[in-house]
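# this is a predicted model, with the sequence first.
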Amino acid sequence: MKLVKVYVTLKNSVLDAQGEAIKSAINTMGYRKLNDVHMGKYFELNFADDYQGLEEDVDKICDDLLANPNIETYRFEIMEDA
Amino acid sequence: MKLVKVYVTLKNSVLDAQGEAIKSAINTMGYRKLNDVHMGKYFELNFADDYQGLEEDVDKICDDLLANPNIETYRFEIMEDA
Amino acid sequence: MKFAVVNFPGSNCDMDLYYAIRDGINEQVELVDYRATSLDGFDGVLIPGGFSYGDYLRSGAIAVHAPIVKEIIRFANDGKIVLGICNGFQILTELGLLPGALVRNEKGRFICETVELEVVNTQTPFTNEYQANETIKVPVAHGEGRYYCDNETLSQLEENEQIVFRYKNNINGSVALIAGVTNKQKNVLGMMPHPERALEEIVGSNDGLNLFQSIINNQVRVNN
Amino acid sequence: MTEPTAKQIREEKLYQQWGLTDSEYELISQKILKRLPNYTETGLYSVMWSEHCSYKNSKKVLRKMPNKSNRVIAGPGEDAGILDIGDNQAVVFKAESHNHPSAVEPYQGAATGVGGIIRDIFSMGAQPIALLNSLKFGPLKDGKTKHLVNEVVAGIGGYGNCIGLPTVGGEISFEDCYEHNPLVNAMCVGLLNNVEFKHGTASGTDNLIVYVGAKTGRDGIHGATFASDEFTDTKNKQRSAVQVGNPFIEKLLMDACVEIIEKHSDWILGIQDMGAAGLVSSTAEMASKAGSGLILNLDNVPQREIQMTAYEMMLSESQERMVLCVKPQFVNDVLEFFKRFELDAVVIGRVTDDQQYKIYQHENLVTDIPVDSLTELVPEYDRLEKKPARIEEQKDYQFIPQIDSLKNTWLTMLSRPNIASKKYFYQTYDSQVRANTLVRPGSDAGVVRIRGTKKAIAMTNDSNSKYVYLNPYVGGQIAVMEAARNIVASGGEPIGITDCLNYGNPENPEAFWELDQSVEGIASACEKLDTPVISGNVSLYNEYNDVSIYPSPMIGMVGLISDIEQVTTSYFKDAGDLIYLIGQTQDDFNGSEIQMEQLGQLKGDLRSLDLEKEKLHQDIVKYAIKQGLLKSCHDLSEGGLAIALSKAALDSGLGFEITTRLNSAQMFSETQSRFLVTVSPDKQEDFEKLIQGEFELLGQVSENPDFKVTTTNEIVVIDGQEAANDWMEAMACLMK
Ligand SMILES: Nc1ncnc2c1ncn2[C@@H]1O[C@H](COP(=O)(O)OP(=O)(O)O)[C@@H](O)[C@H]1O
Ligand SMILES: [Mg+2]
């Protein structure tokens, strides 16, 4: 099996409502030395071992489905075997 | 600044409805060699450089806020400087 | 009886609950701000539905850190009545006052519909006005209402008769069709359906009225 | 970063890229300013003079619509219109389109459309009580459209559910012409208890301008085609123009604004939301209405991003922001008040008496122009009109359906996307929060009661652009009358409308003719009903590759139900009830769903609408409901009698047995001015005495869920379960 880890985050210029809410919660909890928080999505995809052209396909999957290119960016890592 | 990356994922025993939905969407798109998909959350927290006891505090923040131990597990990495 | 409706930023069924008490069962009720630190003088605490803090991290997760919450825990531990509806239920599980968790509906979509519930346990302060195994009609409106707990917890729930309401049809994929559970002592109830939206025939059902009436009955019984 | 100079803007005609014409630019530089506008100023003019903000192309047409009645407290020109409903209460409503943002980013586009229309309502001091929406998409044939539909619906639900307002009605339809240009219209209705409050003015020298709500980022700065590579090296970072909604903040903002107006209206003179063209539009409109000037200091504006230019800050469409005009002696009270809601509130400017609009940034005066030149001096255009050739060519064409098997056609029609149940979508909207919803989506109109009174408000969104395409004038009339029938069938008295006028390019004479004609139709119907148009929105330039959408006016109508006892729903109640058809049925198949089903295209003209008869039938129904004679009432629309009967049955689990004077084809005729009602047998005499004229007793509601139908040429039995499946499951099936 090939494990692919995908990270999707909001573009910097896009309002991160969730990150802001979490940041102020962490502040309320008493941790004050926090500058900022961003919340994103994390995916683990398991593909068959013999997958050819995995990188290209994952890129497409991210672009078309896992991330919304209007507001998000993504990156991924292919773990050789898991 | 110290960047902390936190990953929160559902425990295996909890049905990952979103992961399942994404898996079937990816299959519909024509990528068939996919075994499974898990969806989780990804956070980036930026703390002040001079933060003492960061690791311990992040652990508490995860336990008390970012993850719900009934259904989720978490792990984090502290990037020395970012 | 005097009830507190605890209002978190983003709660949006607070007034519905307020009217349920004031007009539905003609008892005293006050809104209590999340920054308050005391529940003295109240006999029951109601945690309303809505999207506290936008539900941005997980439903109910952020509300747990509001100042009033310590007081809610104390109140519950004193054996007083605590009722959480929808987001209120999510908050109570996040708090650990109730077992389990509420996760995204199986089909991934928000669902607003009037559903049939089975009243499983009529021996609680919240259900003594219902008939055993009665079927009632109550609206649901949630995106994260699938009740989850592990098998061990489930057997405990069953053993202690903590399961109070079950869906007739599993609308959201909940474990064992669970729609509402109490704590072991039965003084804390959390439920996803909205009894406060079912108080008058004209809005579609009045089956929720008995739930509030039960709380009053229970109090009378306790006092006697 | 260097901005182009005023000279560069002129010489390179950069203003054109912002949508200003040569003559508009000349007007600004030579007549108004008597100097060249700088970069920021040019930007302000370009947005304020856009169609969206100025209505420069449509104003002339819009004036044709009636906006007076003895209920009107405020009409067009405000954030939303206000109608008196007695007892010192008023309803406030408006609809808004978010078509283009939703095409680009469906979830956020739809969500911010809902957020924006809600702000329009609470900026009037009203408590929002309900939401509706009207959606039009291309056919559900590929993943792209399904994704679009899914995301738009999710965005609408996501925002409304989170803020805690019930979505009680709407419509969703599918036609080829919307494939690349979907329509997303949202409506909000509010209740006003403080009828005195004057919103939206900034008057009185030295009063302060206070900014409340979310921070400003570079969201939604579309006009900035200028901001190309010449003066930015971080192109991608800069360009994220998508607005993202935050319903959580809006909930706080809504509660705070409603409360401050209800309890402390003496602190403030005006309040306005920042919608399209954000800061500039809200503040300029406030000042212009009051005849004052304004000074703004941008350094005080809460900012989410660094190094924003004055241009960017003024034009930003960041969501969930409001501006208030506050009396200086109360400014601290106001700031404290918002702090209690955990909202940022800061003073960003003050009112002056020189009628100039002045903006400072980093201590530089970056804008100094007459306030009125942004709002009042916009040129108005008289566009060319031309009747499209298709209309003359098809004038005499009449479509007649071919029915080989009534049963098969019936079932096919039930599962057509425009007819099938939309529950799959609307069940993702919370329709009951606030516990006042008496009629949820699924009947003719949504109904919300006013707590503490016997009154209720009925509301609906309607548009049938197929009719408007074939005959804009009659189509416009029908849109209003169909909405009115929905209100009347629910037990309400229509009292006013709002609209979203979705059309093609106004510079195209045919599209403009369609706009003009249909507005005349709308106006004539409104006059007949005494339902003024008190607010609305225009969305032009809806086209793809030079092909326009159908002319698509959306009517949002509000009705008053004086006693909740009169609330009536469309579905059958009891077996044995008598089923009547009110109104005469003719061969009206042009523009119908069955024409689309069988011919695959729209063709022919529409019969002109008899407004007298329409009004009469509505009055009969209103009266019958008041007399307690009707157990159910449903208006006939797409798919005609067959579909109306089916819906009334399927929603109740009951069936029916009827015999009609119509032939099988006529079961699908879409003749206007008709209602389907049921009457308890013991009221038969009273009812028939009342209606006289055109009606037909069709038969009875049956316990057995099957549909037993005898037409002049066929006797059929349709399995109730099969019909239910076709109608209920069609959408879920198509969305797979
Ligand atoms: N987008 C939507 N949002 C909310 N309700 C909707 C939506 N689309 C359809 N509905 C509801 O479904 C019901 C039927 O709508 P429609 O098919 O337009 O029927 P009718 O022709 O009788 O007006 C109405 O109650 C309407 O409010
Ligand atoms: Mg309709």
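Yep, it's here. Ligands and ions are numbered 1, 2, ... in the order given.

# OK, contacts around D:Pro551?
Counting by C-beta atoms under 8 Å, 6 or more residues apart in numbering or on different chains, D:Pro551 touches D:Ser465, D:Val468, D:Tyr469, D:Pro472, D:Gly475, D:Asn502, D:Tyr503, D:Gly504, D:Ala511, D:Glu514, D:Leu515, D:Ser518. Where you see a C-beta, it was placed from the backbone N, CA and C, and this is true even at glycine.

# for chain A, state which of those is nearest.
Nearest to chain A, judged by C-beta to the nearest C-beta, of the contacts of D:Pro551 is D:Asn502 at 22.6 Å.

# list the contacts of the closest one.
With contact set as C-beta under 8 Å, 6+ apart, D:Asn502 has these partners: D:Ser97, D:Asn99, D:Leu183, D:Asn185, D:Ser539, D:Asn542, D:Ile549, D:Pro551, D:Ser552, D:Pro553, D:Met554.

# quick check: phi and psi on the fourth one?
Taking degrees, to the nearest 10, you get phi -120, psi 140 for the backbone angles of D:Asn185.

# from memory it sits against D:Leu135, does it?
Yes: with contact defined as C-beta atoms under 8 Å, D:Asn185 counts as touching D:Leu135 (7.5 Å).

# of the two, who's got more company?
Neighbours per residue (other C-beta atoms under 10 Å in any protein chain shown) separate D:Asn185 from D:Leu135, with D:Asn185 holding more: 31 against 26.

# with adjacent residues omitted, what lies nearest to the residue in chain C that ligand 2 sits nearest to?
Distances between chain C and ligand 2 by C-beta to the ion are smallest at C:Cys112, namely 19.7 Å. Nearest non-adjacent residue to C:Cys112, counting by C-beta to C-beta, 6 or more residues apart in numbering or on different chains: C:Ala141, 4.2 Å away.

# let me see the contact set for that neighbour.
So C:Ala141 contacts C:Gly49, C:Cys86, C:Phe110, C:Ile111, C:Cys112, C:His194, D:Asn161, D:Asp430, D:Gln432, D:Val433 (C-beta under 8 Å, 6+ apart).

# stretch D:271-289 close to chain A?
No: judged by C-beta under 8 Å from any C-beta of the partner chain, stretch D:271-289 and chain A are separated, with a smallest distance of 13.9 Å.

# rounded mean pLDDT for that stretch, please.
In this model, stretch D:271-289 has an average pLDDT of 87.

# with stretch D:74-85 instead?
Per-residue scores along stretch D:74-85 average to 89.

# over to stretch D:685-704?
Here stretch D:685-704 scores 93 as its mean pLDDT.

# need phi/psi at the residue lying closest to D:Gly75 once chain neighbours are set aside.
Closest residue to D:Gly75 apart from its sequence neighbours, by C-beta to C-beta, 6+ apart: D:Asn67 at 4.1 Å. Dihedral pair for D:Asn67: phi -130, psi 20, per degrees, to the nearest 10.

# D:Asn67 reaches D:Asp530, doesn't it?
No: using C-beta under 8 Å, D:Asn67 makes no contact with D:Asp530, being 11.9 Å away.

# just to revisit the earlier point, so which of the contacts of C:Ala141 sit within helices?
Mapping the contacts of C:Ala141 onto helices (DSSP state H) picks out D:Asn161.

# just the buried ones from the contacts of C:Ala141, in PyMOL syntax?
In PyMOL, this line selects whichever of the contacts of C:Ala141 come out buried by 16 or more other C-beta atoms under 10 Å in any protein chain shown:
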select buried, (chain C and resi 49+86+110+111+112+194) or (chain D and resi 161+430+432+433)
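
# now the residue in chain C positioned nearest to chain B, which residues is it bridged with?
Per C-beta to the nearest C-beta, C:Ala101 is where chain C lies closest to chain B, at 4.5 Å. Bridge pairing for C:Ala101 (DSSP bridges) gives the partners C:Tyr148.

# just checking, it touches B:Asn70?
Yes: when contacts are counted by C-beta under 8 Å, C:Ala101 is listed as touching B:Asn70 (4.5 Å).

# next, the contact list for D:Met48, please.
D:Ser54, D:Ala277, D:Val280, D:Ser281, D:Ala284, D:Leu374, D:Thr375, D:Val378.

# from those, which is closest to A:His38?
Distance to A:His38, by C-beta to C-beta, is smallest for D:Ala277 among the contacts of D:Met48, at 29.1 Å.

# centroid residue for chain D?
Nearest to the centroid of the C-alpha atoms of chain D, with distances taken as C-alpha atoms, centre = their mean, sits D:Ala95, at 3.3 Å.

# okay, strands next: where are they in chain A?
Here chain A has its strands, by DSSP state E, at A:2-10, A:34-47, A:72-79.

# now D:Ser97. Its backbone dihedrals?
Dihedral angles for D:Ser97 - degrees, to the nearest 10 - are phi -100, psi 150.

# neighbours of it, how many?
By the measure other C-beta under 10 Å, the count of residues near D:Ser97 is 26.

# what sits against the closest residue to it other than its chain neighbours?
Distances taken as C-beta to C-beta, 6+ apart put D:Ser539 closest to D:Ser97, at 4.0 Å, once the chain neighbours are dropped. Taking C-beta under 8 Å, 6+ apart, we find D:Ser539 in contact with D:Ser97, D:Asn99, D:His100, D:Leu183, D:Cys500, D:Leu501, D:Asn502, D:Tyr503.

# how many other residues sit next to D:Asp353?
D:Asp353, neighbours per other C-beta under 10 Å, totals 11.

# then D:Gly155?
26.

# ok, it to D:Glu392 distance?
Applying C-beta to C-beta, to the nearest Å, the value for D:Gly155 to D:Glu392 is 41 Å.

# from the chain's centroid, how far away is stretch D:175-188?
11 Å (C-alpha atoms, centre = their mean, to the nearest Å).

# before we move on, what about stretch D:173-180?
Taking C-alpha atoms, centre = their mean, one finds stretch D:173-180 lying 18 Å from the centre of the chain it belongs to.

# stretch D:256-273 too?
26 Å.

# so the closest residue to ligand 1 within the stretch 51-200 of chain D, which of the three states?
With C-beta to the nearest ligand atom, the shortest gap between the stretch 51-200 of chain D and ligand 1 falls at D:Gly170, namely 2.8 Å. Recorded secondary structure, D:Gly170: strand (DSSP: H, G, I helix; E, B strand; the rest coil).

# residues of chain A that sit close to ligand 2?
With the criterion set to C-beta under 5 Å from the ion, chain A never comes near ligand 2.

# ok, how many other residues are close to A:Val8?
Quick note: A:Val8 (other C-beta under 10 Å) scores 18 neighbours.

# between D:Asn67 and D:Asp530, tell me which one has more neighbours.
More crowded of D:Asn67 and D:Asp530, by other C-beta under 10 Å: D:Asn67, with 20 against 15.

# next up, the contacts around that one.
Counting by C-beta under 8 Å, 6+ apart, D:Asn67 makes contact with D:Gly75, D:Pro76, D:Gly81, D:Pro532, D:Val533, D:Ile534.

# highest neighbour count among the residues you listed?
Comparing the contacts of D:Asn67 by number of neighbours (other C-beta under 10 Å), D:Ile534 comes first, having 32 neighbours.

# model confidence for that one, exactly?
Reported pLDDT for D:Ile534: 97.

# for the helix or strand hosting D:Thr145, output the C-alpha coordinates as CSV.
Using DSSP states H and E, D:Thr145 sits in helix D:143-163. Extracted in CSV, the C-alpha atoms of helix D:143-163 (Å, rounded to 0.1, in the frame of the first residue of the first chain):
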residue,chain,number,x,y,z
GLY,D,143,-20.8,16.2,-12.3
LYS,D,144,-20.1,19.8,-12.7
THR,D,145,-23.6,20.9,-12.3
LYS,D,146,-24.3,18.5,-9.5
HIS,D,147,-21.3,19.8,-7.7
LEU,D,148,-22.6,23.4,-8.2
VAL,D,149,-26.1,22.5,-7.0
ASN,D,150,-24.7,20.7,-4.0
GLU,D,151,-22.4,23.5,-3.0
VAL,D,152,-25.0,26.2,-3.5
VAL,D,153,-27.5,24.4,-1.4
ALA,D,154,-24.9,23.6,1.2
GLY,D,155,-23.9,27.3,1.3
ILE,D,156,-27.5,28.5,1.8
GLY,D,157,-28.1,26.0,4.5
GLY,D,158,-24.8,26.4,6.1
TYR,D,159,-25.3,30.1,6.6
GLY,D,160,-29.0,30.1,7.5
ASN,D,161,-28.8,27.2,9.9
CYS,D,162,-25.8,28.6,11.7
ILE,D,163,-27.2,32.0,12.2
